[in-house]
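Q: below are the sequence and a predicted model; questions follow.
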Amino acid sequence: DTAVSQTPKYLVTQMGNDKSIKCEQNLGHDTMYWYKQDSKKFLKIMFSYNNKELIINETVPNRFSPKSPDKAHLNLHINSLELGDSAVYFCASSQGGGKQPQHFGDGTRLSIL
Amino acid sequence: SQQGEEDPQALSIQEGENATMNCSYKTSINNLQWYRQNSGRGLVHLILIRSNEREKHSGRLRVTLDTSKKSSSLLITASRAADTASYFCATDWNFGNEKLTFGTGTRLTIIP
């Protein structure tokens, strides 16, 4: 039983395209996150949602738009993909806010051609 | 920035030996957490230590925190091949947003 699941695992696409990544957690947590991990393994938070409400929106280009239809799901839509968007994107969840232990999905490796 | 820095960046040891990695950070924190990331997988939470704690144990893991030096260490005793992974510390600011800031990671390789 996967606690935090993301789809797809791999995403290869052309520059300029629009793509979405989906995330679901079955832990009953109230907070979900999107992180970006670059090629040097540096992990940086992009967004967090608490009970479907946007809590954190780091300095992310507005081409990235998160959407949380309910507290178990957090999706990420990316418009007009650029070469610099190539990275691994992780979804995570926690109970009780962003200072609590977080559970991560296995990531979506996005490659822009 | 608050980003923590792990030291060393990479560490290779023989199976059975102990592994120690360090994390330094810049501002006051509430908690410090350690995570493990196996190749191609997501991060897994290992241990959380609060700012008023100095040491914490979990199985073969021992974490220390020195808030005066703004540093923490993770000790893995009697290492196993399965401990091969990257290890990250993560901090939350005392007066900051509800978020974690991750360090740069230590790549640990256990040689069988």
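A: It's in.
Q: only C-alpha atoms from now on, for both contacts and neighbour counts.
A: Noted.
Q: for residue 7, which non-adjacent residue is closest in space?
A: Went with chain A since none was named. Spatially, and ignoring its direct neighbours in sequence, A:Thr7 is nearest to A:Lys22 (5.3 Å; C-alpha to C-alpha, 6 or more residues apart in numbering or on different chains).
Q: not quite, I wanted chain B
A: Nearest non-adjacent residue to B:Asp7 (C-alpha to C-alpha, 6+ apart): B:Asn22, at 5.1 Å.
Q: which residues touch that neighbour?
A: B:Glu6, B:Asp7, B:Pro8, B:Ser71, B:Ser72, B:Ser73, B:Leu74 (C-alpha atoms under 8 Å, 6 or more residues apart in numbering or on different chains).
Q: which of the residues you listed fall in strands?
A: B:Glu6, B:Asp7, B:Ser71, B:Ser72, B:Ser73, B:Leu74 (DSSP state E).
Q: and the closest residue to the third one other than its chain neighbours, how far from chain A?
A: Excluding the flanking residues, the one nearest B:Ser71 by C-alpha to C-alpha, 6+ apart is B:Ser24, at 4.3 Å. Counting by C-alpha to the nearest C-alpha, to the nearest Å, the gap from B:Ser24 to chain A is 15 Å.
Q: can you count the residues close to B:Ser24?
A: By the criterion of other C-alpha atoms under 10 Å in any protein chain shown, B:Ser24 has 22 neighbours.
Q: so what's it up against?
A: B:Gly4, B:Glu5, B:Glu6, B:Lys70, B:Ser71, B:Ser72.
Q: which bits of chain B sit near chain A?
A: Counting by C-alpha under 8 Å from any C-alpha of the partner chain, the residues of chain B close to chain A are B:31, B:33, B:40-45, B:48, B:92, B:97-105.
Q: would you list the buried entries among the residues you listed?
A: Using 16 or more other C-alpha atoms under 10 Å in any protein chain shown as the burial test, the residues of chain B next to chain A include B:31, B:33, B:42-45, B:48, B:92, B:98-105 as buried.
Q: next step: these restricted to strands.
A: B:Asn31, B:Gln33, B:Leu43, B:Val44, B:His45, B:Leu48, B:Asp92, B:Thr101, B:Phe102.
Q: Three-state assignment for the residue nearest to A:Thr7, please.
A: strand (DSSP: H, G, I helix; E, B strand; the rest coil).
Q: which pLDDT value belongs to it?
A: At A:Lys22, the model reports a pLDDT of 98.
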